[in-house]
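>>> here's my sequence, what's the structure:
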Amino acid sequence: MPAAFSADTIVPARFLTLLANLIILILSLWSRESNVLASLPIEFEEDDYNSVHKELTIGLSVGIALIGIEFIGFFSGITMFKNSISLL
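This is a model prediction of the structure:
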(Lines give C-alpha, C1' and ligand atoms only; values in the text may rest on other atoms or scores of the structure.)
Protein backbone atom coordinates (compact mmCIF):
# COMPACT_ATOMS: atom_id res chain seq x y z
CA MET A 1 0.00 0.00 0.00
CA PRO A 2 1.39 3.45 -0.85
CA ALA A 3 2.64 5.65 1.96
CA ALA A 4 -0.08 8.22 1.20
CA PHE A 5 -2.72 5.81 2.54
CA SER A 6 -0.99 4.82 5.75
CA ALA A 7 -2.73 5.04 9.09
CA ASP A 8 -0.36 7.86 10.05
CA THR A 9 -2.12 10.16 7.59
CA ILE A 10 -5.66 8.78 7.31
CA VAL A 11 -6.51 8.70 11.02
CA PRO A 12 -5.50 12.33 11.75
CA ALA A 13 -7.21 13.48 8.55
CA ARG A 14 -10.41 11.70 9.53
CA PHE A 15 -10.27 13.21 13.02
CA LEU A 16 -9.74 16.71 11.62
CA THR A 17 -12.62 16.38 9.15
CA LEU A 18 -14.96 15.13 11.87
CA LEU A 19 -13.90 17.99 14.13
CA ALA A 20 -14.32 20.54 11.33
CA ASN A 21 -17.81 19.23 10.56
CA LEU A 22 -18.76 19.46 14.23
CA ILE A 23 -17.48 23.03 14.47
CA ILE A 24 -19.35 24.06 11.32
CA LEU A 25 -22.60 22.54 12.63
CA ILE A 26 -22.24 24.26 16.00
CA LEU A 27 -21.50 27.62 14.38
CA SER A 28 -24.48 27.19 12.06
CA LEU A 29 -26.66 26.41 15.07
CA TRP A 30 -25.46 29.54 16.86
CA SER A 31 -26.08 31.76 13.82
CA ARG A 32 -29.33 30.18 12.69
CA GLU A 33 -31.25 33.46 13.05
CA SER A 34 -29.52 35.00 10.04
CA ASN A 35 -29.78 31.74 8.09
CA VAL A 36 -33.52 31.56 8.71
CA LEU A 37 -33.99 35.17 7.59
CA ALA A 38 -31.88 34.57 4.48
CA SER A 39 -34.05 31.63 3.45
CA LEU A 40 -37.33 33.53 3.74
CA PRO A 41 -38.75 36.09 1.31
CA ILE A 42 -38.63 39.77 2.24
CA GLU A 43 -42.22 39.71 3.42
CA PHE A 44 -43.02 36.64 5.47
CA GLU A 45 -45.43 35.60 8.16
CA GLU A 46 -44.48 34.55 11.66
CA ASP A 47 -45.69 31.00 10.96
CA ASP A 48 -43.25 30.72 8.06
CA TYR A 49 -40.42 31.98 10.23
CA ASN A 50 -41.25 29.56 13.05
CA SER A 51 -41.51 26.64 10.64
CA VAL A 52 -38.14 27.31 9.00
CA HIS A 53 -36.51 28.00 12.38
CA LYS A 54 -37.80 24.69 13.75
CA GLU A 55 -36.68 22.73 10.66
CA LEU A 56 -33.20 24.25 10.76
CA THR A 57 -32.82 23.65 14.49
CA ILE A 58 -33.90 20.02 14.18
CA GLY A 59 -31.67 19.40 11.16
CA LEU A 60 -28.58 20.89 12.77
CA SER A 61 -29.26 19.09 16.06
CA VAL A 62 -29.59 15.75 14.28
CA GLY A 63 -26.34 16.49 12.43
CA ILE A 64 -24.54 17.18 15.71
CA ALA A 65 -25.92 13.97 17.22
CA LEU A 66 -24.76 11.95 14.21
CA ILE A 67 -21.29 13.50 14.36
CA GLY A 68 -21.26 12.48 18.04
CA ILE A 69 -22.00 8.90 17.01
CA GLU A 70 -19.19 9.11 14.45
CA PHE A 71 -16.81 10.27 17.18
CA ILE A 72 -17.84 7.37 19.43
CA GLY A 73 -17.08 4.94 16.61
CA PHE A 74 -13.83 6.72 15.85
CA PHE A 75 -12.54 6.79 19.42
CA SER A 76 -13.60 3.21 20.15
CA GLY A 77 -11.86 2.00 17.00
CA ILE A 78 -14.88 0.11 15.69
CA THR A 79 -14.60 1.53 12.18
CA MET A 80 -10.82 1.12 12.03
CA PHE A 81 -10.83 -2.68 12.03
CA LYS A 82 -12.98 -3.32 8.95
CA ASN A 83 -11.42 -2.27 5.67
CA SER A 84 -14.74 -1.71 3.91
CA ILE A 85 -15.93 0.66 6.65
CA SER A 86 -12.70 2.47 7.41
CA LEU A 87 -12.26 3.73 3.86
CA LEU A 88 -15.71 5.33 3.61
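>>> from now on I want contacts and neighbour counts done on CA atoms only, so please keep to that.
Noted.
>>> in what helix or strand does residue 57 lie?
Per DSSP states H and E, residue 57 falls inside helix 46-76.
>>> show me what counts as buried in that helix.
Using 16 or more other C-alpha atoms under 10 Å as the test for burial, helix 46-76 gives 49, 52, 53, 56, 57, 60, 63, 64, 67, 71, 74.
>>> mind checking how far the residue nearest in space to the middle of the chain is from residue 49?
Nearest to the geometric centre of the chain sits residue 21, at 4.3 Å (C-alpha atoms, centre = their mean). Distance, residue 21 to residue 49, using C-alpha to C-alpha, to the nearest Å: 26 Å.
>>> and the contacts of stretch 46-59?
29, 32, 33, 36, 37, 40 (C-alpha atoms under 8 Å, 6 or more residues apart in numbering).
>>> closest to residue 78 out of the residues you listed?
residue 29 (28.8 Å; C-alpha to C-alpha).
>>> distance of the nearest residue to that closest one once chain neighbours are set aside relative to residue 54?
What sits nearest to residue 29 in space, not counting adjacent residues and going by C-alpha to C-alpha, 6 or more residues apart in numbering, is residue 60, at 6.3 Å. Distance, residue 60 to residue 54, using C-alpha to C-alpha: 10 Å.
>>> about what we covered before: from the contacts of stretch 46-59, pick the one nearest residue 15.
For those, the nearest to residue 15 is residue 29 (21.1 Å; C-alpha to C-alpha).
>>> ok, that closest one - how many residues close by?
Residue crowding around residue 29 was assessed by other C-alpha atoms under 10 Å; the count is 18.
>>> list the contacts of it.
57, 60, 61.
>>> at 10 Å what do you get?
Counting by C-alpha atoms under 10 Å, 6 or more residues apart in numbering, residue 29 touches 23, 35, 56, 57, 58, 59, 60, 61, 64.
>>> okay, the residues you listed in CSV with pLDDT and distance to residue 45 next?
What follows is the contacts of residue 29, written out as CSV (pLDDT from 0 to 100; distance: C-alpha to C-alpha, whole Å):
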residue, pLDDT, distance to residue 45
23, 97, 31
35, 92, 16
56, 95, 17
57, 96, 18
58, 97, 20
59, 96, 21
60, 96, 23
61, 97, 24
64, 97, 29
